[in-house]
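Colleague: got a sequence here, can you model it:
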Amino acid sequence: MVSIKTLVAALASVGIAQACVRTCETSGSSSTTCSYTCWRACSDLSETTVRNSFLSALQANGHACSAVGANGVRCTKNSRFGACNTHYWNCGKDC
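Modeller: Numbering: from 1, shown residues only. Next comes the predicted model:
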């Protein structure tokens, strides 16, 4: 028999794992580039998978961005790109 305490803890951990969480965000910037780092915030997505999704979305919007290592992205700034921190990637439920 499972105790109520164990059941509540298990349900709470599932809820936390499915919440919408930031998985790629600004890690640095200069006058000409924005750098981003992605990590494994959702257990079903690797850092590289998340990075590739973020990179594809940036490129699909016409931004000059490229992969850096296994979990990084670097983009060239221009007036259309805007501020570095306006670009990020989330994963999880209701994103």
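
Colleague: would you confirm that Arg80 contacts Gly62?
Modeller: Yes: the criterion here is Cβ atoms under 8 Å, and Arg80 meets it with Gly62 at 7.4 Å. All C-beta spots, glycine's among them, are computed from the backbone N, C-alpha and C.

Colleague: first to last residue in stretch 65-79, what's the distance?
Modeller: 15 Å (Cα to Cα, to the nearest Å).

Colleague: now stretch 57-75
Modeller: Length of stretch 57-75, first residue to last, Cα to Cα: 12 Å.

Colleague: mean confidence for it?
Modeller: Stretch 57-75 shows a mean pLDDT of 97.

Colleague: buried ones in it?
Modeller: Leu58, His63, Cys65, Asn71, Gly72, Val73, Arg74, Cys75 (16 or more other Cβ atoms under 10 Å).

Colleague: ok, the residues you listed vs Val21, which is closest?
Modeller: Asn71 (15.4 Å; Cβ to Cβ).

Colleague: show me what contacts the closest residue to Asp94 other than its chain neighbours?
Modeller: Nearest residue to Asp94, sequence neighbours excluded (Cβ to Cβ, 6 or more residues apart in numbering): Cys20, at 5.3 Å. Each residue near Cys20 by Cβ atoms under 8 Å, 6 or more residues apart in numbering is listed here: Asn90, Cys91, Gly92, Lys93, Asp94, Cys95.

Colleague: how would you label Asp44: helix, strand or coil?
Modeller: Here Asp44 is recorded as coil under DSSP: H, G, I helix; E, B strand; the rest coil.

Colleague: quick one, strands of the chain?
Modeller: 21-29, 33-38, 65-68, 72-76, 89-91 (DSSP state E).

Colleague: adding distance to Ser53, write those out as CSV.
Modeller: Output for these, formatted as CSV (distance: least, Cβ to Cβ, whole Å):
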stretch, distance to Ser53
strand 21-29, 9
strand 33-38, 9
strand 65-68, 12
strand 72-76, 11
strand 89-91, 7
